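In: Structure here, sequence nowhere to be found:
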């Protein structure tokens, strides 16, 4: 890998107050009872489990996951590294014959970071599950090392709740139904490279032709959403420079 191979800021629930908590803090403002505070915190966690994640602009949070594609005779096991920008829903995917920290880092190094650099914005945070390809001792773990060197914060899904990376979960269902199930019926693949070529074409269509109903897409394609909103990321960066 040419680019050699972060503390989390994601989704901390509010600490519980004793008794009641004021919403606005003064005057006749409404107050929340302890049970109401707990209910709000529970709902916040439920939203995370359902895949509703905090995101402010393209590059604010990327979601990465491993998808087991299957086993092809003469080729072996095939795994897909998936990356999705949580704001625009732009997706990227690369196939490997294994799943480990090195390929997880390679996905970012080969596809994700160069694309964001070309578009002129930074990837600030990444959300993964707690699989060994994403989590480990930073000093000896290629994925952790890569994040540290690129200054990318790492958020993790709740323990035993991998579905809280719901953006990737939904994408995997889509790619299975609309690409893999069809591709494997039509063609016999003799290498990962052959399958990757067809996958790249499908991903290009997904990003540039297929409209998306994501919260910030408003029926536009993921890439059009990215183009229309990437100035939000640049403006945020300039704001941070002014106040740093």
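Out: Yep, that arrived. Note that the structure is predicted; figures quoted are calculated from it, not measured.
In: And the residue positioned nearest the centre of the chain, its phi and psi?
Out: Centroid-nearest residue in the chain: residue 63, 0.8 Å away (criterion: C-alpha atoms, centre = their mean). Here is the backbone geometry of residue 63 (degrees, to the nearest 10): phi -110, psi 130.
In: bridging residues for it?
Out: residue 84, residue 127 (DSSP bridges).
In: can I assume residue 70 sits in a strand?
Out: Yes. Checked against DSSP: H, G, I helix; E, B strand; the rest coil, residue 70 lies within a strand.
In: can you tell me how far the residue nearest to it when sequence neighbours are not counted sits from residue 195?
Out: In this structure, residue 70 finds its nearest non-sequential neighbour in residue 78, 6.2 Å apart by C-beta to C-beta, 6 or more residues apart in numbering. Where you see a C-beta, it was placed from the backbone N, CA and C, and this is true even at glycine. Distance check for residue 78 against residue 195: by C-beta to C-beta, to the nearest Å, it reads 7 Å.
In: Which neighbours do these two have in common?
Out: Common neighbours of residue 78 and residue 195 (criterion: C-beta atoms under 8 Å, 6 or more residues apart in numbering): 69, 72, 95.
In: Run through the chain and note the low-pLDDT ranges.
Out: Applying pLDDT under 70 to the chain flags the ranges 1-30, 38-52, 159-164, 212-214, 216, 236-244.
In: Can you show me the helices along it?
Out: Remark: helices assigned in the chain by DSSP state H are 34-49, 101-107, 113-119, 142-150, 166-175, 181-186, 192-208, 222-243.
In: what's the shortest one packed up against?
Out: Contact here means 3 or more C-beta pairs under 8 Å, 6 or more residues apart in numbering; DSSP states H and E; on that basis helix 181-186 packs against helix 192-208.
In: try the second one
Out: Contacts defined by 3+ C-beta pairs under 8 Å, 6+ apart place helix 101-107 against strand 62-72, strand 76-85, strand 91-96, helix 142-150.
In: do you know which of those lies nearest residue 158?
Out: For residue 158, the closest of the helices and strands packed on helix 101-107 is strand 62-72, at 14.3 Å, according to C-beta to C-beta.
In: Show me which residues of that closest one are buried.
Out: For strand 62-72, the neighbour count (16 or more other C-beta atoms under 10 Å) marks 62-67, 69, 72 as buried.
In: what sits against residue 208?
Out: Residues near residue 208 by C-beta under 8 Å, 6+ apart: 221, 223-224.
In: just residue 86 next, same as before
Out: 53, 55, 60-63, 127, 167.
In: So residue 31 versus residue 37, what's the distance?
Out: 10 Å.
In: Over to residue 222?
Out: According to C-beta to C-beta, residue 222 stands 37 Å off from residue 37.
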